[in-house]
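Enquirer: Provide a 3D model corresponding to the input given below.
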Amino acid sequence: MSQRVLLVTGDETLARAVAGLAEGAELLRERDGPGGLGACEGTQPDVVIWDEEVAEPVAAVTRLVASGASVVVVVGRGGVAAGVRALREGAEQFVVRPLDPDHLAVAVARAAEARAWRRVAAREPPYRPRTLDDVERDQIERTLRHHGGNRTRAARDLGISRATLINKIRGYALDL
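Expert: Have a look, this model is predicted:
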């Protein structure tokens, strides 16, 4: 599945840099903040690269993150504080001008990876460790099935008395 990257900038240098690293991805572009927010809600990109020169990133990041996108904010040399505030609001990364293409590429890759992990986590049920009772119940059930319901043979294989096995079958409410 191809990534969808939304670039929100009016800066042609940034647009060329992103186009160079977004090979194989679907690249969308908006030139202003309202257009970027609308495009994010309409196209549901994996990664949004938001240029602080277009609009204040902190206010936008909350809406972008709520839509499910990972956000990379591009800030000016003096905009580190805005980048940190964007991180606090949920942005994955920020990059400072002048742009280093390698740094931008790593930031976008990490944001895409974070998005992918969130998708996996949303699909999988939370981990629940098995208890000893769960393991014991399963083992008794498998052993009884293996022996066709014969409790004497199952008890012998499990290393317990037949009476203990019968009590455990009642306790676990096994219906065999």
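
Enquirer: Excluding chain neighbours, what is closest to Gly68?
Expert: Gln44 (6.4 Å; C-beta to C-beta, 6 or more residues apart in numbering). Heads up, the C-betas are built off the backbone N, CA and C, glycines and all.

Enquirer: can you give me phi and psi for the one you found?
Expert: With angles defined as degrees, to the nearest 10, Gln44 sits at phi 50, psi 70.

Enquirer: what does the helix or strand bottoming out on mean pLDDT in the chain contact?
Expert: The helix or strand of the chain with the poorest confidence is helix 57-66; it has a mean of 84 (mean pLDDT, DSSP states H and E). Helix 57-66 is contacted from outside by 33, 36-37, 40-41, 48, 50, 71, 73, 75, 82-83, 85-86, 89-91, using C-beta atoms under 8 Å, 6 or more residues apart in numbering.

Enquirer: mind saving the C-alpha coords of that helix as CSV?
Expert: This file holds the C-alpha atoms of helix 57-66, laid out as CSV (Å, rounded to 0.1, in the frame of the first residue of the first chain):
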residue,chain,number,x,y,z
PRO,A,57,1.4,24.8,13.5
VAL,A,58,0.3,24.4,17.1
ALA,A,59,-3.4,25.1,16.5
ALA,A,60,-3.4,22.9,13.4
VAL,A,61,-1.6,20.0,14.8
THR,A,62,-4.4,19.1,17.2
ARG,A,63,-6.8,18.8,14.3
LEU,A,64,-4.3,17.0,12.1
VAL,A,65,-3.5,14.4,14.7
ALA,A,66,-7.2,13.9,15.5
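
Enquirer: No further queries at this time; thank you.
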